[in-house]
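Peer 1: Any chance you could fold what I've pasted below:
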Amino acid sequence: MTTPTWDPAQYLRHADHRARPFTDLLARVPDLPAKQPAGPARIADLGCGPGNVTAVLADRWPTAHITGYDNSAPMLEQAARYAGPTAGGGRLDFAHADASRWTPSETYDLIVSNAALHWVEGHLDAFPAWLDAVAPGGIFAFQVPNNIDAPLHALMRELGTGARWRSRLGEVLRREDSVHPPLVYLDRLARLGCETDVWETTYLHVLQGEDPVLDWVKGTGLRPVLTALADDPEARDAFVTEYRDLLRAVYPTEEYGTVLPFQRLFAVARKGGGQGAGR
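Peer 2: From the prediction side, this is the model:
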């Protein structure tokens, strides 16, 4: 899959809708183990994007040292505005890291990831190393879109693998196995010694404006296509126009807005006690 070029401003156009699943995820994350006198809780946000939801972690754990990791320079530049001391005496900072190759170099009380792991090929294989870096009793929690068969993505794949676009886009579209079934995550995390809670939620986002579903996907799922066609604006615009027309037929605009059903998968795994419990 092509590594997408991210546009923080486009991504944040629907910030409230995108942040809600993270809030719902955190609502199921228990309090972290007390660290005194060892020091403040240590938290990693893997795939932090523009930092707006990373900052929410500081509201929940104001004394913690929180680091957001991302591989996008534009996203990290946007996130930098949140860096610094937090209200409770903790600290929030950001660093470059590619989740597909990230190996933690320290111990965390919480590793969290919001809408990022579906971009990480083979992320299940990374779970043992990540859990080895979670303190006993600590938490690994994430949420990912689980809607690869929804029209939003199915129409993009259908168009991108058609005769006109196949040679340029056939290899850049999000794979159908980029997210696994819920039971796969539950089984993997439980076998790694975690008390695990996995669930799904379908949100009915009511979007406003002209072609809001297209505007939404321009910030996320369409990024690999926009990146692949960045050097050919005419082709890029042609693809977007075709895709827009397909979306209009499936996501009609009502007098109150345009409804985008969006299913997400959540997991909260508490690591058992003892060293090496992540394996």
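Peer 1: you'd agree His96 is up against Gly68?
Peer 2: No: using C-beta atoms under 8 Å, His96 is not in contact with Gly68, being 10.3 Å away. Just so you know, the C-beta spots here come from the backbone N, C-alpha and C atoms, and that holds for glycine as well.
Peer 1: Now do the helices in this protein.
Peer 2: All helices of the chain, identified by DSSP state H, fall at 8-11, 15-27, 54-60, 73-79, 123-132, 151-160, 166-169, 182-191, 212-218, 223-228, 233-250.
Peer 1: Lowest average pLDDT across those?
Peer 2: Note on the helices of the chain: lowest mean pLDDT is at helix 166-169, with a mean of 89.
Peer 1: Pull out the buried residues from that one.
Peer 2: The neighbour-count check on helix 166-169 (16 or more other C-beta atoms under 10 Å) flags Leu169 as buried.
Peer 1: for stretch 20-29, same thing?
Peer 2: For stretch 20-29, by 16+ other C-beta under 10 Å, it's Pro21, Phe22, Leu25, Leu26, Val29.
Peer 1: of those, closest to Trp216?
Peer 2: Nearest to Trp216 out of those is Pro21 (C-beta to C-beta; 13.8 Å).
Peer 1: And the closest one, how far from Arg91?
Peer 2: 26 Å (C-beta to C-beta, to the nearest Å).
Peer 1: Also Pro212?
Peer 2: Pro212 sits 37 Å away from Arg91, taking C-beta to C-beta as the criterion.
Peer 1: The two: which has the busier surroundings?
Peer 2: Legend: neighbour count by other C-beta atoms under 10 Å for Pro212 and Arg91, higher for Pro212 (21 against 15).
Peer 1: residues touching that one, list them.
Peer 2: Neighbour list for Pro212: Gly257, Thr258, Leu260 [criterion: C-beta atoms under 8 Å, 6 or more residues apart in numbering].
Peer 1: ok, now with 6 Å
Peer 2: Neighbouring residues of Pro212 by C-beta atoms under 6 Å, 6 or more residues apart in numbering: Thr258.
Peer 1: Next one, pLDDT for Arg279 please.
Peer 2: So Arg279 comes in at 38 (pLDDT).
Peer 1: more neighbours, His96 and Gly68?
Peer 2: Remark: of His96 and Gly68, Gly68 carries more neighbours, 29 against 11, as counted by other C-beta under 10 Å.
Peer 1: hang on, the more buried one packs against Gly47?
Peer 2: No: using C-beta atoms under 6 Å, Gly68 is not in contact with Gly47, being 8.6 Å away.
Peer 1: Endpoints of stretch 154-174, how far apart?
Peer 2: End-to-end distance of stretch 154-174 (C-alpha to C-alpha, to the nearest Å): 10 Å.
Peer 1: quick one: low-confidence parts of the stretch 1-150 of the chain?
Peer 2: Where the stretch 1-150 of the chain drops to pLDDT under 70, the residues are 1-2, 33-38.
Peer 1: So for stretch 65-80, what gets flagged as buried?
Peer 2: Those buried within stretch 65-80 under the rule 16+ other C-beta under 10 Å are 65-72, 74-76, 78-79.
Peer 1: scratch that, stretch 234-241
Peer 2: Ala235, Arg236, Phe239, Val240.
Peer 1: Same check on stretch 130-140?
Peer 2: Trp130, Leu131, Asp132, Ala133, Val134, Ala135, Pro136, Gly138, Ile139, Phe140.
Peer 1: Many thanks, we can stop here.
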